[in-house]
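Colleague: coords please:
(one chain, ligands or ions: 1)
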Amino acid sequence: MNAYDAAAVPARCDVLVIGAGPAGSAAARVLASAGREVLLVDQQPLGRDKTCGDGLIPDAHQALRRLGLLDAVMARAQRVAHVGCVGPRGGRIDVPGSLAVLPRQQLDEMLNRHAQAAGARFVQARFERPLEDAQGRVCGAVLRAGDAEFEVRADWVVLATGAVPKALSAAGMCERHTPSGVALRGYVQAPSLVGRIRALEVVWSRAVRPGYGWIFPAPDGHFNIGVGVTDSHRAVGGKGAKKDINLRAIFDAFVKDYAPAAELMREGRLVGELKGAPLRCTLAGARWSRPGLLVAGEAAGSTYSFTGEGIGKAMETGMLAAEALLQPGDDAALRARYEAGLQALKPRFDLYERANRVNAAPWLADLLIWRARKSPRLLARMSGVLNETSNPGNLVSLKGLSRLFLE
Ligand SMILES: Cc1cc2nc3c(=O)[nH]c(=O)nc-3n(C[C@H](O)[C@H](O)[C@H](O)COP(=O)(O)OP(=O)(O)OC[C@H]3O[C@@H](n4cnc5c(N)ncnc54)[C@H](O)[C@@H]3O)c2cc1C
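Modeller: Purely as a prediction, here's the structure:
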């Protein structure tokens, strides 16, 4: 169901999942598969778009496999075999991995339908605020669809509302209003470049500093091109303020500076507009739970700093939330289980945060690329980072840098 139909909305359910992005749909799928009565709501209709690079890195493949959706996604996605890292001096290294690109409009609709196929009900409605019992425990939510406001009671609420902090604030979970980063992307149709841009190209250069640019080959002769800046805001008097960053100007500089981007924009046709969106990274900026409520996905900061990738970790945290709620135990025990799951992921997020220094000092990318071209072991380690079998931070820690010269 898309539009609000009072008769179709249950007055209560076991778990109310707010937000039908990768985190919310993954949580809904796991819970519904286990027989829980799940209501999945999103303020936008099924088939909505999401501003994203659409790149599926290995953690997303693993999450989709666990959800039983990988084959269906790969049947529609553009398969990619490498991340092409390009340094400011033009040096390039192709890091192998299981990669793909599928526009979020399609991916998110598949995930949502997958949750519905397991028994979750989907309703287009906006979360306004939580319902609380006499002890202050969340016991449902007030939702709005058009002019109608209605209440849904639930044993648990999973808040998976992404990087825009409005719902987080309304739920009393937001610790930092400003995002960790911002990014801008567009789709370009350029059949003549199919087969010529084959990797997920990630480009560091002085022109895009303090960010990075990308070109990702999407299905049907399309390319996703964009620029991102993590660490885009600074704390000013207790509140965050955007640094002097103009994403559109960085995008133009990327196109001017990186020859394949210039060729793409020259030979291709921009489909729709360039669109920007915020990022929330490093599992920071929000409380992870309160009695009766868990926060999952990018609302909990589940996007990686440095690369801005978050689809895989959004699904993973959604599944962690669902798995915690399927265990026996009281409110405190279930929340502790979920928070322990997130805590176990935290070191990896912290390492990506440290790796983020490459964006501020692109010469580090030059150094890494130069060394990786000479060292199969280093290339294997970079592939290990991508495939989540080794630590990213080691590559840019002091120890890691000194090892670059020894390997
Ligand atoms: C430009 C850009 C490029 C990116 N590129 C990549 C990439 O290539 N690969 C990658 O892995 N990641 C990328 N990311 C990050 C990725 O988009 C996020 O990590 C991911 O979408 C997080 O998933 P989520 O389910 O937590 O949130 P979302 O996908 O944002 O879903 C949240 C949902 O909640 C809904 N919602 C919000 N508020 C309410 C409310 N009050 N009531 C009801 N519903 C609500 C929204 O409508 C939305 O559907 C990129 C991000 C940006 C901005």
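Colleague: pull up the residues of the stretch 301-407 of the chain that are close to the ligand.
Modeller: 303, 308-312, 314 (C-beta under 6 Å from any ligand atom). C-beta here means a position set from N, CA and C on the backbone, and glycine is covered the same way.
Colleague: tabulate the residues you listed (JSON lines), appending pLDDT, secondary structure and neighbour count.
Modeller: Compiled in JSON lines, these are given as follows (pLDDT from 0 to 100; DSSP: H, G, I helix; E, B strand; the rest coil; neighbours: other C-beta atoms under 10 Å):
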{"residue": "Thr303", "pLDDT": "96", "secondary structure": "strand", "neighbour count": "30"}
{"residue": "Gly308", "pLDDT": "90", "secondary structure": "coil", "neighbour count": "27"}
{"residue": "Glu309", "pLDDT": "92", "secondary structure": "coil", "neighbour count": "24"}
{"residue": "Gly310", "pLDDT": "97", "secondary structure": "coil", "neighbour count": "28"}
{"residue": "Ile311", "pLDDT": "98", "secondary structure": "helix", "neighbour count": "30"}
{"residue": "Gly312", "pLDDT": "98", "secondary structure": "helix", "neighbour count": "23"}
{"residue": "Ala314", "pLDDT": "98", "secondary structure": "helix", "neighbour count": "31"}
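Colleague: let me know the closest of these to Lys275.
Modeller: Distance to Lys275, by C-beta to C-beta, is smallest for Gly308 among these, at 14.4 Å.
Colleague: please name the nearest non-neighbouring residue to the closest one.
Modeller: For Gly308, ignoring the flanking residues on the chain, the nearest one in space by C-beta to C-beta, 6 or more residues apart in numbering is Gly228 at 4.6 Å.
Colleague: surely Trp370 touches Gly91?
Modeller: Yes: using C-beta atoms under 8 Å, Trp370 is in contact with Gly91, at 5.8 Å.
Colleague: which residues of the stretch 301-407 of the chain score low on pLDDT?
Modeller: For the stretch 301-407 of the chain, applying pLDDT under 70 flags the ranges 391-407.
Colleague: tell me the spacing between the closest residue to the ligand within it and Val295.
Modeller: Nearest residue of the stretch 301-407 of the chain to the ligand: Gly310, at 2.1 Å (C-beta to the nearest ligand atom). Shown here: Gly310 relative to Val295, a distance of 14 Å by C-beta to C-beta, to the nearest Å.
Colleague: partner strands of the host helix or strand of Ile215, parallel or antiparallel?
Modeller: Assigned by DSSP states H and E, Ile215 belongs to strand 212-217. Its sheet considered, strand 212-217 pairs with strand 200-203 (antiparallel), strand 222-230 (antiparallel) by DSSP bridges.
Colleague: for Trp156, which of those is the nearest?
Modeller: Set against Trp156 and scored by C-beta to C-beta, these come closest in strand 222-230, at 31.8 Å.
Colleague: buried residues in that closest one?
Modeller: Neighbour-count burial for strand 222-230, with 16 or more other C-beta atoms under 10 Å as criterion, is recorded at 222-230.
Colleague: what do you get for stretch 329-346?
Modeller: Applying 16+ other C-beta under 10 Å to stretch 329-346 flags 331, 334-335, 337-339, 341-342 as buried.
Colleague: what does it contact?
Modeller: Outside stretch 329-346, the residues that touch it by C-beta atoms under 8 Å, 6 or more residues apart in numbering are 137, 156, 283, 288-292, 294, 300, 313, 316-317, 320-321, 323-325, 327.
Colleague: do that again at 7 Å, thanks
Modeller: For stretch 329-346, contacts defined as C-beta atoms under 7 Å, 6 or more residues apart in numbering pick out 137, 283, 288-289, 291-292, 294, 300, 317, 320-321, 324-325, 327.
Colleague: quick one, helices of the stretch 1-150 of the chain?
Modeller: Counting by DSSP state H, counting those that start in this stretch, the stretch 1-150 of the chain has helices at residues 22-33, 58-67, 70-76, 104-117.
Colleague: what is the neighbour count of the residue of the stretch 1-150 of the chain found nearest the ligand?
Modeller: Going by C-beta to the nearest ligand atom, the ligand is nearest to Gly21 of the stretch 1-150 of the chain, at 2.1 Å. Neighbour count for Gly21, taken as other C-beta atoms under 10 Å: 30.
Colleague: check contacts around the residue nearest to the spatial centre of the chain.
Modeller: Taking C-alpha atoms, centre = their mean, the centroid of the chain lies closest to Gly310, which sits 2.4 Å from it. Shown in contact with Gly310 (C-beta under 7 Å, 6+ apart): 298, 302-304.
Colleague: thinking again about what came up before, just the buried residues of the contacts of stretch 329-346.
Modeller: 283, 288-289, 291-292, 294, 300, 317, 320-321, 324-325.
Colleague: switch these over to CSV; also include secondary structure.
Modeller: Converted to CSV, the buried ones among the contacts of stretch 329-346 look like this (DSSP: H, G, I helix; E, B strand; the rest coil):
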residue, secondary structure
Leu283, coil
Trp288, coil
Ser289, strand
Pro291, coil
Gly292, coil
Leu294, strand
Ala300, helix
Thr317, helix
Leu320, helix
Ala321, helix
Ala324, helix
Leu325, helix
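Colleague: quick one: which of these is nearest to Val38?
Modeller: Nearest to Val38 among the buried ones among the contacts of stretch 329-346, with distances taken as C-beta to C-beta, is Leu325, at 10.2 Å.
Colleague: got the contact list for that closest one?
Modeller: 15, 31, 156, 334.
Colleague: most widely separated two among the residues you listed?
Modeller: The largest separation in the contacts of Leu325, counting by C-beta to C-beta, is between Leu31 and Leu334 at 12.5 Å.
Colleague: hang on, the earlier thing: show the contacting residues for the residue of the stretch 1-150 of the chain closest to the ligand.
Modeller: 50, 108, 160, 162, 297, 314 are the contacts of Gly21 under C-beta under 7 Å, 6+ apart.
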